[in-house]
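Peer 1: Quick one: sequence plus predicted model below, questions after.
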4 protein chains.
Amino acid sequence: MAHHEFTPDHYHTSIGWHEPVLYIAPGDSVATNTVDARGQDRRGEKVTERGNPMTGPFYVKGAEAGDTFVVRFDKLYPNRDWGWTGKRIASNVLDPGFEAGFQPDDEPLRWPVDLKAGTTGQPDTLPGLQLPLCPMVGCFGVAPPRGQAISTATSSTYGGNMDYRGFVEGVTVYLPVEAPGALFFLGDGHAIQGDGEIVGTGVDISFDVTFSVDLIKDKRIGWPRAENETHILVAGNARPLDQCVEHATSELVRWLEEDYGLSAQTAHSLLGQCVEYDMGNVFDPAYTMVCKIEKALLEQLGAKRDY
Amino acid sequence: MAHHEFTPDHYHTSIGWHEPVLYIAPGDSVATNTVDARGQDRRGEKVTERGNPMTGPFYVKGAEAGDTFVVRFDKLYPNRDWGWTGKRIASNVLDPGFEAGFQPDDEPLRWPVDLKAGTTGQPDTLPGLQLPLCPMVGCFGVAPPRGQAISTATSSTYGGNMDYRGFVEGVTVYLPVEAPGALFFLGDGHAIQGDGEIVGTGVDISFDVTFSVDLIKDKRIGWPRAENETHILVAGNARPLDQCVEHATSELVRWLEEDYGLSAQTAHSLLGQCVEYDMGNVFDPAYTMVCKIEKALLEQLGAKRDY
Amino acid sequence: MAHHEFTPDHYHTSIGWHEPVLYIAPGDSVATNTVDARGQDRRGEKVTERGNPMTGPFYVKGAEAGDTFVVRFDKLYPNRDWGWTGKRIASNVLDPGFEAGFQPDDEPLRWPVDLKAGTTGQPDTLPGLQLPLCPMVGCFGVAPPRGQAISTATSSTYGGNMDYRGFVEGVTVYLPVEAPGALFFLGDGHAIQGDGEIVGTGVDISFDVTFSVDLIKDKRIGWPRAENETHILVAGNARPLDQCVEHATSELVRWLEEDYGLSAQTAHSLLGQCVEYDMGNVFDPAYTMVCKIEKALLEQLGAKRDY
Amino acid sequence: MAHHEFTPDHYHTSIGWHEPVLYIAPGDSVATNTVDARGQDRRGEKVTERGNPMTGPFYVKGAEAGDTFVVRFDKLYPNRDWGWTGKRIASNVLDPGFEAGFQPDDEPLRWPVDLKAGTTGQPDTLPGLQLPLCPMVGCFGVAPPRGQAISTATSSTYGGNMDYRGFVEGVTVYLPVEAPGALFFLGDGHAIQGDGEIVGTGVDISFDVTFSVDLIKDKRIGWPRAENETHILVAGNARPLDQCVEHATSELVRWLEEDYGLSAQTAHSLLGQCVEYDMGNVFDPAYTMVCKIEKALLEQLGAKRDY
């Protein structure tokens, strides 16, 4: 149960079977930091190339293909006083041929962030509006199967750039291990973000992060699973969104049947009237949809899992 | 501002340019009732063919193509002590080839409803679980353009079978008028429903309904708009879900710019960090996605509309 | 086996349960004509509103829900010396945000047609190019189920605006009867057209048409089936194209198994290595994909059908 | 203009920035061979793991990011007397919940191949049917951007597992260079294949291959371009198929405008009435659609390119 402090000196714009930066054990925690999606650190200095650079990978001793990697986000908080956003809703989120009526340059929009008050706003485009921070991690994952190294622009079974605003402090995520050591990466912190990341960014910013890891041996899962205080949830990553729905729903059914012992009929009945969906990104090459169910309902059904 | 009591004696399984059942004026309210999607009324008797039969159409005097029809759901409540649901999550919501592992018959599952306690549950499949009612209307709309009559299985610009669980009592909806009198239909009440209507039904049940209507002359809208106490929202209906997102987002941008006077840059900035999406049905021929924004944010920006 | 000459005096922009214009019997043929998609006849005069007006409906005596309607296109030929096209590839056929680099007005482009030489070309945009005519019918179908009347902009199980360039003279089409008399409509002739109808039109033009009809009693089919000299084929109409592929492939498998007596394993093996797909429109609300197989292969397998 | 003989001793199941197996120069040709998708060589021996193993990568001297890599398939022919196929049409190609009515095991179906006669058939499932070989290469590509290594199950801008039956002997393909040396891989030969690769395979078999390479310096392209004797064509790889259509059509417009000097209006007019689409795979994670135009039409327009 060691605690590690780790300061990155290089970053990756793909999630893959890269050289580990730190070896840790199940139960350990790590305090580290992440740069923003343009490679800018806490001082605003560009320390690496843009394109969603990740901190990591962290090697978890004992992790092998066929296990489940567990990560808990103990702390996720911006570490500087400004972030930036895109200026326009992406063309693929609007009707084909929709005329936005303005042509902003490619320079990002700067958003002052008040770390103490816990607010942000954009004085020029949103005068008078102060929004409470809701820090979340846009991109994280473990090495994908077959020795692949996949761009941090996209996502799939191994996690990746899901840009789901439910991945906040306190959440625990489960990911399928494919490479020895799992090889965990994270980055792309957002001070806030709307559903869908429809301007292509949240308020992108550098983060101080603390996470702790664990391992479930000999347990195969198909898609990123997670839980917070109230829900268990699954993220499906693909295109179109319909396929995300299919992946996430199928995996939640499997979770309920295999780990909570629900019968198929109970799982289908429960989800039929009580399931909830949240939309992750609709900007990246793969979109994200989250399928979730309240823990309280499982408790009322007397359904428990043993981890 | 007359109040009408209307008892239906026939129903429609398409939304179209059908003979009006009642002529009403802007400002009027109507108390009526709806059968369930299998044509069963408050006594459980099958009074019309199955296939999502609608009450209506109601003709609003003065409504012409190019106007906006307004309806407020003043009361939406079940009027009998049982509903029914499908038994299985639909194949199109699960991965291709997903094996559900059980083969239920086609008979719907009966759900006792306690109207006084305001709860429902399914004793066999969900033992011990009592769910609070959240009555919503699955299908409603006005006559579509070009003299069309479109099955109540699906939905589009005119409304239809959206099965969105946000269409509850207290919500006001705006629909584009295409036919003289607008011709408003409604039906398909659900005592509760999960997001997506993934078993093909909510707890389908007959309803007592009161609604009031209004008219905005010479105002064209593109998709169903609505508001509740906290949000304004737009429903986009199409396939795949990506296209629903495009329709709903484009229409919300137009709404913010045209009626609230936001500049394009402000609208894009606001939605980028604050937009929310809810998923309507992913069961019907057309899927539904809702794009919404908090009214409080518009107020803080000083943005108002004049209706 | 009567032959009818029919001159339309009104048209429909929806395919539905409309008043028949002519009662005919199985085995009969009809010579008639169609206006172009803007309602212009052989003289170029606008005789009806634009929006893909159809000639018909023709009532086939004895046709009832559950039968299959059969139509053979005996003659399909333009009857005037010019047609017109859209000027730009539709936004939904190009990448989101693709800049076409030119902004044509909405006036269609006029294409002179040499009926004797059997060629067409566009002297300004395609100088020096003469294309051989390949006349095809863009939109035809029978009344859809449930009393619906559906815009001639779109398509589904009943046919409709498929804009598939394989629907030429000599082709026989099979459609599922839903309304008494089947109620057959046709229109939207194109002198030529590229795959996908990506500028939103072919060379749209008025047609002289002769077709003959037949009926297969008590035979239910799911989607438009057709045959030409070399192939049997099925059209699937939906969105996205993936869903068209699913509909068309499933229906072709059913056709091979039910009417040609192939075993499931033979049908899957045959299609796996020999199936062909053609793309119909990718412009209309519903897209179209055609799935087909060579008749010669069926003959070599000794597979025959009895109609 | 050297000719190389290369015998592979290891293979890759991802296309990425792997160690080159041979350094060649623009103008050179290479004779080599490929194993089938299960890793079986000319003798039928399993010499590497299954999962679409590739021969390569071949390093082309002088190739840098921003160039275009050119490969011509001089020879593509099976080198053993049997191949194998999947037994069932994939679930994602059929309607959700479609019941195939048979449950084959996972063993592939063996297809005898007569190399001399140039035919293949499957005596049990397709008795009496002999099909002419049409050898094609299912998967090939160059290293993708950002140091990625991407599974040979899928495809994107760099090529990959497109399973398009137009990639036959005599075709020249153009691919965007991202890595130094381009790093060309190929494999997954099919003796024949239906459109869409709907059973998940063609008649998969080991190949003897000869290819020659070239380089166009300082020329950026976006998607795989190719040409055969009659057409120029572009492959778009994504999901859903709609997106493939968008990518392929946009890239063909760019090709016509940039390299053939067509005006935008001419390019749009030409494609509108003359474009053709072929469907590549609809089995893999990314689907493939090909957009093409006849060279003869370009010649008639006097349009030429300078390479």
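Peer 2: Arrived safely, thanks for sending.

Peer 1: Domain parsing of chain A, as residue ranges.
Peer 2: A:3-82+A:132-216, A:236-300 (automatic domain parsing).

Peer 1: could you pull out the strands for the stretch 151-300 of chain A?
Peer 2: With DSSP state E, counting those that start in this stretch as the criterion, the stretch 151-300 of chain A has strands at A:155-156, A:159-161, A:172-176, A:184-190, A:207-216, A:225-227, A:231-238, A:276-279, A:287-294.

Peer 1: nearest to chain C, of those?
Peer 2: strand A:231-238 (12.0 Å; CB to the nearest CB). No exception for glycine: its C-beta is placed from N, CA and C like everyone else's.

Peer 1: Any residue of the closest one touching chain C?
Peer 2: No - residues of strand A:231-238 are not located near chain C by CB under 8 Å from any CB of the partner chain, the shortest gap being 12.0 Å.

Peer 1: before we move on, the earlier item: reformat the domains of chain A into CSV and put mean neighbour count next to each item.
Peer 2: Compiled in CSV, those are given as follows (neighbours: other CB atoms under 10 Å in any protein chain shown):
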stretch, mean neighbour count
domain A:3-82+A:132-216, 22
domain A:236-300, 23
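
Peer 1: Any regions of the stretch 201-307 of chain A where pLDDT drops low?
Peer 2: Of all residues in the stretch 201-307 of chain A, none has pLDDT under 70.

Peer 1: residues from it in reach of chain D?
Peer 2: Applying CB under 8 Å from any CB, we find that the stretch 201-307 of chain A lies next to chain D at A:238-240, A:243.

Peer 1: show me which of these neighbour chain B.
Peer 2: Contacts with chain B within those, as defined by CB under 8 Å from any CB: A:239-240.

Peer 1: Can you name the two of the residues of the stretch 201-307 of chain A next to chain D that sit furthest apart?
Peer 2: Taking CB to CB as the measure, those span a maximum distance of 7.7 Å, between A:238 and A:240.

Peer 1: Tell me the residues that contact both of those two, please.
Peer 2: A:287, D:239 (CB atoms under 8 Å, 6 or more residues apart in numbering or on different chains).

Peer 1: in the stretch 1-150 of chain A, which spans are strands?
Peer 2: Ranges of strands in the stretch 1-150 of chain A, per DSSP E, counting those that start in this stretch, are A:3-5, A:14-16, A:22-24, A:29-34, A:54-60, A:68-78, A:82-85, A:109-114, A:119-120, A:131-132, A:136-142, A:149-151.

Peer 1: could I have the fourth one exported to CSV, CA atoms only?
Peer 2: In CSV, the C-alpha atoms belonging to strand A:29-34 read as follows (Å, rounded to 0.1, in the frame of the first residue of the first chain):
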residue,chain,number,x,y,z
SER,A,29,-1.5,5.2,-4.7
VAL,A,30,0.2,7.7,-7.0
ALA,A,31,0.3,11.5,-6.8
THR,A,32,1.2,13.0,-10.2
ASN,A,33,0.2,15.6,-12.6
THR,A,34,-1.0,15.9,-16.2
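
Peer 1: Strand A:136-142 and that one, what's the angle between them?
Peer 2: Interaxial angle, strand A:29-34 versus strand A:136-142 (axes from the mean of the first three to the mean of the last three CA atoms, to 10 degrees): 110 degrees.

Peer 1: can you list the residues that contact strand A:29-34?
Peer 2: So strand A:29-34 is contacted by A:1-8, A:22, A:24, A:41-42, A:54-55, A:58, A:74-75, A:79, A:137, A:186-189, A:206-213 (CB under 8 Å, 6+ apart).

Peer 1: Now do the closest residue to residue A:235 other than its chain neighbours against chain B, distance only.
Peer 2: Closest residue to residue A:235 apart from its sequence neighbours, by CB to CB, 6 or more residues apart in numbering or on different chains: residue A:224 at 4.5 Å. Separation of residue A:224 from chain B (CB to the nearest CB, to the nearest Å): 16 Å.

Peer 1: Could you check how many residues crowd around residue A:224?
Peer 2: Other residues near residue A:224 number 30, with proximity taken as other CB atoms under 10 Å in any protein chain shown.

Peer 1: list the contacts for it?
Peer 2: By CB under 8 Å, 6+ apart, the contact list for residue A:224 reads A:141, A:157-159, A:162, A:173-175, A:234-235, A:237.
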